[in-house]
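Student: Sequence first, predicted coordinates after that:
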Amino acid sequence: MTTIPSRLARATRASIDAADARRRSIQLYRDWYRSAPDIVELYTLNVSPTLIRNSIRERFERNRYVTDPRAIDVLILKGRQEYQETMNCWKQLDHIMGILLQPQTRLQKTFLQKFYEGRDEQAALPAASGIQ
C-alpha cells in the first residue's frame, strides 16, 4: 500500500453540540474498528484483529464519561491523528505493540507515596510506553 499523506486527513473543527461530538466519536471508533484487519496486515502482527479491536474498545471506554465538549474535541483530534499515522505506516512496530496493544492501566499513587519512593514516575517511563 502506498503512503498518501492526505488520504486520511480531515479538517480540524469544533463540535457544534454534544450530539455532533457523539457522532464524530462513533465515526472515529468505526474507522478504527474496521481497520483492525488492515493494521494486522500492514504491520505483520502476530495477533488477531479481535485483540486489536478489544484494545481499541478499551481505549474508547476509558474516555466514555468525558462530558466537556472541548475535551471531547481534543480527544477526537488526537484519535484521528493516531489513526492517520497508523494507517499511513508512519509508526514502527514498537509503537503499535507498545502503545496500542499494551494495557494502559497503572496504579495511581499519591504524592507522598511517590515522594517516599524518591522518584518521579513520569521521568522513569520510556517515551514509547504509551502510558500517560
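Tutor: Yep, it's here.
Student: who does the helix of greatest length in the chain touch, helix- and strand-wise?
Tutor: Longest helix of the chain, by residue count under DSSP state H: helix 69-87. Judged by 3 or more Cβ pairs under 8 Å, 6 or more residues apart in numbering; DSSP states H and E, the packing partners of helix 69-87 are helix 18-34, helix 36-42. Yep, even glycine has a C-beta here, placed from its N, CA and C like the rest.
Student: Give the closest residue to the most centrally placed residue in the chain in space, chain neighbours not counted.
Tutor: For the chain, the residue nearest the mean C-alpha position is residue 79 (5.5 Å; Cα atoms, centre = their mean). Distances taken as Cβ to Cβ, 6 or more residues apart in numbering place residue 28 nearest to residue 79, at 5.0 Å, with adjacent residues excluded.
Student: List the contacts of that neighbour.
Tutor: Taking Cβ atoms under 8 Å, 6 or more residues apart in numbering, we find residue 28 in contact with 76, 79, 80, 83.
Student: what's the burial count for residue 45?
Tutor: Neighbour count for residue 45, taken as other Cβ atoms under 10 Å: 17.
Student: I should have written residue 13 there, sorry.
Tutor: Using other Cβ under 10 Å, residue 13 is surrounded by 11 other residues.
Student: ok, residue 81 to residue 118 distance?
Tutor: Distance, residue 81 to residue 118, using Cβ to Cβ, to the nearest Å: 36 Å.
Student: Likewise for residue 51?
Tutor: Residue 51 sits 37 Å away from residue 118, taking Cβ to Cβ as the criterion.
Student: how much space between the residue nearest to the centre of the chain and residue 111?
Tutor: Counting by Cβ to Cβ - residue 79 and residue 111 are separated by 30 Å.
Student: confidence score at the residue in the chain sticking out farthest from the centre?
Tutor: Distance to the chain centre peaks in the chain at residue 116, reaching 32.2 Å (criterion: Cα atoms, centre = their mean). On the pLDDT scale, residue 116 is placed at 78.
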